[in-house]
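>>> I'll drop the sequence and a predicted model, then ask my questions.
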Number of protein chains: 2
Amino acid sequence: MSNDPIARYRRFSRAVTKEVGALDQSFLGRGRPLGTARVLNAIGHGKTEVSVLRDYLGLDSGLLSRLLRGLETEGLVTTSAHPEDARARVARLTEAGEAEFQAYEALSNDRATRALARHPHPEALLAAMDLVASALGRDSIEIVEADPRDPASRLCLEAYYAELAARFDTGFDVSLSRDPEATDMILPRGSFLLAMSDGMAIGCVGLKGSGGPVAEIKRLWISPSARGLGLSKRLMTEIEARARALEITTLRLDTNSKLPEAVALYRNTGWSEIDRFNDDPYPDHFFEKNISS
Amino acid sequence: MSNDPIARYRRFSRAVTKEVGALDQSFLGRGRPLGTARVLNAIGHGKTEVSVLRDYLGLDSGLLSRLLRGLETEGLVTTSAHPEDARARVARLTEAGEAEFQAYEALSNDRATRALARHPHPEALLAAMDLVASALGRDSIEIVEADPRDPASRLCLEAYYAELAARFDTGFDVSLSRDPEATDMILPRGSFLLAMSDGMAIGCVGLKGSGGPVAEIKRLWISPSARGLGLSKRLMTEIEARARALEITTLRLDTNSKLPEAVALYRNTGWSEIDRFNDDPYPDHFFEKNISS
DNA sequence: ATGGGTATCTGACATTGGTCAGGTAACGGT
DNA sequence: ACCGTTACCTGACCAATGTCAGATACCCAT
């Protein structure tokens, strides 16, 4: 409907403010102020170093210190010196702390489950939420190295295969394709990168090395919810840097005209089209880029 | 991507929590605590009665009272007795208050504008936001009577026409159709209802009366972002009640097989198919329902 | 006109959240 | 060994928020 975009954005904003407020309220039900509960949850989610906690929660050093001590006297948390820097401290949940944390998790999960169950098309709602989350969180999307056999990587790769299957008239069967060995895409031969948005993998790219100066780019994929945010360019820039660090001078890749965004990206970022260099049945475009300069 | 739905929901939740927090921070920039700013904004948005304010903001009576007095001594608000109940009070913005309110509005609008401008497909982002907002706000969707010539009504009707144009192979030209006179869809002859979600019209339905016992249902439409929430049933139930109140005993409507959801709805809610009762070129299904019982 | 109920205000407090200026211990380079 | 720096803790303090028990004025039904 052709309503004012700003009005629509703000209606969204009000709706989620309410939702967020309700979740906070439900957290209060465990007899602990919100700040304390947030610290407990952050620790539970793996933010163990105090400096990381401070940063993540945006808290003053003094305040966080007091909240931590509160949790310690409650018996939910223990702190100890950081093994590599005795000035810094790390916080850990005790058994009781873990139980409390799980109770908060259950509250969150319940809310999520119920909200999704109430909707007639949960998948559509989730797709919309993914889109919004990627858009709002675009500044905090990080590129990290991963093993292509990790669960997060596998999710990306499977989504990638599924998308190829949908886009190619012939479908796509990865076993017919030149599927690289995972070990070719990890150090010391190659690399595999994930774009992580708040713990969720939303894109990937692989560098398949051979030990020599020529390597191949494989498996560039961005989640539909995160397209247009410039992520593929970021991933490619980063993987090129990794390739240079491995003393690779020439990169190649193959792709398909059914993926016009990809073809356009390569054309616009210094790749030149070359002759077919393999007998993989799927690709119909082949590119090369010299990165030795 | 086939991630855990709960994880996806919670990633969304974290992303918007951050966004909401950032907006709150920006409100703080005007040298007024958040609670006070919220009260000012609520008044600006038409929540004038103190009881409504309390309810809307979820504040304790004492706290709200103090915040209001603060705004009064700042010269931004005046309160006076409610004209119909001198126990209650209504708050109004002074000229200075209106200016402050507009400053907060500008902050909100700026944020919205910038967030949208940063996205490559603002319309896609907005569609996702509409979907989420309708889903999260479904409990607060209200059915209200409106004039079909009001701007909010016109937005719905135009969206309805646009959708018919897209769905019918022949397109849709409202001037070729039996477009009811607006006055046939307001009291005392008929009625026109809007489904309002937080100030935005997301659905409509019309009752075209003739003064006699037979009337027609027209213009049933639900925004794509709000489909599946049971809104059309709510609108139909409500408009039937209005028809009964007008001593109408028989309702008729025409529709098109290109709108299968609508046809299914009528079949499932007590309508029986009848012969063509008009020469409108677009419809190919005709229904009738006796509501005198 | 009377009494029970309602809407808001007031004052007294308690809790929470946030800030700041030292203080202590450890680090890292010289 | 020393010194500037870093990470965290402590204590003091203040503003904001939340809670509660009357007080006041008004409403409405009888």
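Good, I have the coordinates.

>>> now the residue nearest to residue A:200 when sequence neighbours are not counted: phi and psi?
Nearest residue to residue A:200, sequence neighbours excluded (C-beta to C-beta, 6 or more residues apart in numbering or on different chains): residue B:11, at 5.2 Å. The way it works is simple: take the backbone N, C-alpha and C, and place the C-beta from them, glycine included. Listed backbone geometry of residue B:11 is phi -60, psi -40, with angles given as degrees, to the nearest 10.

>>> I'd assumed residue A:197 was in contact with residue B:11.
Yes - between residue B:11 and residue A:197 there is a contact at 7.2 Å, judged by C-beta atoms under 8 Å.

>>> and the two? which has more neighbours close in?
Each of residue B:11 and residue A:197 has its neighbours counted (other C-beta atoms under 10 Å in any protein chain shown); residue A:197 has more, 25 against 22.

>>> list phi and psi for the closest residue to the more buried one other than its chain neighbours.
Of all residues beyond its chain neighbours, the one nearest residue A:197 is residue A:141 (4.7 Å), with distances taken as C-beta to C-beta, 6+ apart. When quoted as degrees, to the nearest 10, the phi and psi of residue A:141 stand at phi -80, psi 130.

>>> all the strands of the stretch 151-293 of chain A, residue numbers only.
Under the criterion DSSP state E, counting those that start in this stretch, the stretch 151-293 of chain A contains strands at A:191-197, A:200-208, A:214-222, A:250-255, A:272-273, A:285-290.

>>> again with the stretch 1-150 of chain A
Counting by DSSP E, counting those that start in this stretch, the strands of the stretch 1-150 of chain A are A:77-82, A:85-93, A:141-145.

>>> about what we covered before: okay, the residue nearest to residue A:200 and DNA strand C: tell me how far apart.
23 Å (C-beta to the nearest atom of the strand, to the nearest Å).

>>> give me the distance between that residue and residue B:271.
43 Å (C-beta to C-beta, to the nearest Å).

>>> picking up where we left off before, so which of the strands of the stretch 1-150 of chain A gets nearest residue B:5?
Among the strands of the stretch 1-150 of chain A, strand A:141-145 comes nearest to residue B:5, with 21.0 Å by C-beta to C-beta.

>>> contact residues of chain A facing DNA strand D?
Residues of chain A that fall close to DNA strand D, judged by C-beta under 7 Å from any atom of the strand: A:49-51, A:54, A:61-62, A:64-66, A:68-69, A:79, A:82, A:85, A:87-89.

>>> which pLDDT value belongs to the residue in the stretch 151-293 of chain A that DNA strand D sits nearest to?
The stretch 151-293 of chain A approaches DNA strand D most closely through residue A:199 (21.8 Å), counting by C-beta to the nearest atom of the strand. Note for residue A:199: predicted pLDDT of 84.

>>> look at the residue lying closest to it once chain neighbours are set aside and report its pLDDT.
Using C-beta to C-beta, 6+ apart and skipping the chain neighbours, the partner closest in space to residue A:199 is residue B:11 (6.7 Å). pLDDT for residue B:11: 92.

>>> and stretch A:26-46, anywhere near DNA strand C?
Yes - on the criterion C-beta under 7 Å from any atom of the strand, stretch A:26-46 is in touch with DNA strand C at A:33-36.

>>> and residue A:32, how far is that from residue A:43?
Taking C-beta to C-beta as the measure, residue A:32 falls 13 Å from residue A:43.

>>> whoops, residue A:221 was the one
Taking C-beta to C-beta, one finds residue A:221 at 33 Å from residue A:43.

>>> among the strands of the stretch 151-293 of chain A, which is nearest DNA strand C?
Per C-beta to the nearest atom of the strand, nearest to DNA strand C of the strands of the stretch 151-293 of chain A: strand A:191-197, 25.3 Å.

>>> relative to strand A:141-145, how tilted is that closest one?
160 degrees (axes from the mean of the first three to the mean of the last three C-alpha atoms, to 10 degrees).

>>> show me what strand A:191-197 packs onto, helices and strands only.
Under the contact definition 3 or more C-beta pairs under 8 Å, 6 or more residues apart in numbering or on different chains; DSSP states H and E, strand A:191-197 sits against strand A:141-145, helix A:151-167, strand A:200-208, helix A:231-245.

>>> pick the most deeply packed of the ones you listed.
strand A:200-208 (a mean of 27; mean count of other C-beta atoms under 10 Å in any protein chain shown).

>>> what's the pLDDT at residue A:177?
Model confidence at residue A:177 (pLDDT) stands at 70.

>>> ok now do it, which residues does it touch?
When the contact criterion is C-beta atoms under 8 Å, 6 or more residues apart in numbering or on different chains, the partners of residue A:177 are A:280-282.

>>> do the same with residue A:112
Counting by C-beta under 8 Å, 6+ apart, residue A:112 touches B:5-6, B:9-10, B:13.

>>> if we go to 7 Å?
B:6, B:9-10 (C-beta atoms under 7 Å, 6 or more residues apart in numbering or on different chains).

>>> can you check residue A:127 too?
residue A:225.

>>> contacting residues around the residue of the stretch 151-293 of chain A found nearest DNA strand C?
Closest to DNA strand C within the stretch 151-293 of chain A is residue A:198: 21.1 Å, counting by C-beta to the nearest atom of the strand. Residues near residue A:198 by C-beta under 7 Å, 6+ apart: A:137, A:140, B:11, B:14-15.

>>> farthest pair in these?
Spatial extent of those (C-beta to C-beta) is set by the pair A:140 and B:11 at 11.1 Å.

>>> which other residues reach stretch A:132-148?
Counting by C-beta under 7 Å, 6+ apart, A:152-153, A:157, A:182, A:185-186, A:191-198, A:202, A:206, A:225-226, A:229, A:231, A:234-235, A:238, B:11-12, B:15-16, B:19, B:119, B:125, B:128-129, B:132 sit against stretch A:132-148.

>>> equivalent analysis for stretch A:44-64, please.
By C-beta under 7 Å, 6+ apart, stretch A:44-64 touches A:38-39, A:42-43, A:82, A:88-93, A:101.

>>> neighbours of residue A:97, how many?
Residue A:97, neighbours per other C-beta under 10 Å, totals 21.

>>> need the nearest residue in space to residue A:37, chain neighbours excluded.
residue A:27 (4.9 Å).

>>> thought the one you found was touching residue A:103?
No - Residue A:27 lies out of contact with residue A:103 (C-beta atoms under 7 Å); the separation is 10.0 Å.

>>> for the two, indicate the residue with more neighbours.
residue A:27 (20 against 13).

>>> and the contacts of stretch A:44-64, which are buried?
A:38-39, A:42-43, A:89-91, A:93, A:101 (16 or more other C-beta atoms under 10 Å in any protein chain shown).

>>> how close does the residue lying closest to residue A:169 once chain neighbours are set aside get to residue A:86?
The shortest distance from residue A:169 to any non-neighbouring residue, by C-beta to C-beta, 6+ apart, is to residue A:258 (7.8 Å). Counting by C-beta to C-beta, the gap from residue A:258 to residue A:86 is 57 Å.

>>> higher neighbour count, those two?
residue A:258 (16 against 9).

>>> for that one, grab phi and psi.
Torsion angles, degrees, to the nearest 10, at residue A:258: phi -80, psi 0.

>>> state the pLDDT value of it.
What the model reports for residue A:258 is a pLDDT of 87.
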